[in-house]
Structure formats: structure tokens, C-alpha cells
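*Asks:* okay, sequence plus prediction incoming.
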Amino acid sequence: MVMKPLEDVFSLVSAISKTKKDYFRGATEIQAKALYNPYMVNKALSYHIDTILYANEMNSRSQLDKLLQHDYLINTIRSRSRRPEKWPKPFESKDIQTVMEYYGCNYNRAKEYMMILTQDQLSIIHDRTFKGGSDDTRYNRDGRGTTKES
């Protein structure tokens, strides 16, 4: 039986949860061992309500070999079509980015500064770090400042 080559770790997750193709045995064994990342596989499986406990079980037994973890998951998870879940992305705040640029600090320190700074101080920092350009949003940012109208 000829299997299509593996592109990424998500094709292994799809094989575990849906198609039940065993890439660890046969011609794709070396490629599957190189691609199999237990952290990524467990994280992808943890977004589904019916596979979260299996992922947690493998997280608690992280010392096991990749092949043993794969065999456990492929043989215990029921084959079912699961909608791919979007992974949450961190929230990007323009205020935090501006504070990081103004004070030259990292993200965590900028979050601490944000708890201390007032809205007036933030608008001053935004004005001082404004670089210009075609999209002039200095006076209409998140309800701060006023629009300059004649």
C-alpha cells in the first residue's frame, strides 16, 4: 500500500484522529519519526472534547518513546471527522507596542507599565512615537484624543 508523503505534523494528527494510517511502519517510518513532535500532537488533540483526556495522558507520560505515544493515540482515539480548530493567537495591542518602543523594554515590562500609565500619558507617548505616513490615526485611536476639525 503506497501512502502519500508527510508534509507536516498536522498530517500525523489527521492520521491519528481520522484516517488511522500508520506512518510509523513502512516506507515513511524515518520521515514520521522526524516529524512527530509529541507536544504539537498533544496540543492539537487537546482542542477536541473527545480527545483531550488522551492528550493529557500522553502529557503525563512524556518520557515514553515517540512510537509508543503514537501507537497509544492511534489505537485509542476513535476514527471520526473532526473540524480543525483554530489555535488562539496572542492579542496584539498597539498601546503595548508603543510603550515597548518608547521605553525600550520587553513585552512583560510594557504590560506592567500599562497598569501605571493614564490615558493622557498614553496619548502623549503615542504622539511622541508617531512616525507619520498616510494613515494619520493620532487623533482617533480607541476613543482617546479629539479629531482636529476646522
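*Replies:* Arrived safely, thanks for sending.

*Asks:* every contact and neighbour count from this point should use C-alpha atoms.
*Replies:* Noted.

*Asks:* please, where are all the helices along the protein?
*Replies:* Taking DSSP state H, the helices of the chain run over residues 9-14, 29-35, 38-45, 52-60, 66-76, 94-103, 107-116, 119-129.

*Asks:* next, the buried residues of the fourth one.
*Replies:* Think helix 52-60. Neighbour counts over helix 52-60 (16 or more other Cα atoms under 10 Å) mark 54-55, 58-59 as buried.

*Asks:* show me the two of these that sit farthest apart.
*Replies:* Within the buried residues of helix 52-60, Tyr54 and Asn59 form the most distant pair, 8.7 Å apart (Cα to Cα).

*Asks:* let me know the closest of the buried residues of helix 52-60 to Arg25.
*Replies:* Nearest to Arg25 among those: Met58, at 20.4 Å, using Cα to Cα.

*Asks:* distance of the nearest residue to Ala15 once chain neighbours are set aside from Tyr113?
*Replies:* With sequence-adjacent residues excluded and distances taken as Cα to Cα, 6 or more residues apart in numbering, Ala15 is closest to Lys21, at 5.3 Å. As for Lys21, its distance to Tyr113 is 51 Å (criterion: Cα to Cα, to the nearest Å).

*Asks:* stretch 36-53: which residues count as buried?
*Replies:* Buried residues in stretch 36-53 (16+ other Cα under 10 Å): 36, 38, 41-42, 44-46, 51.
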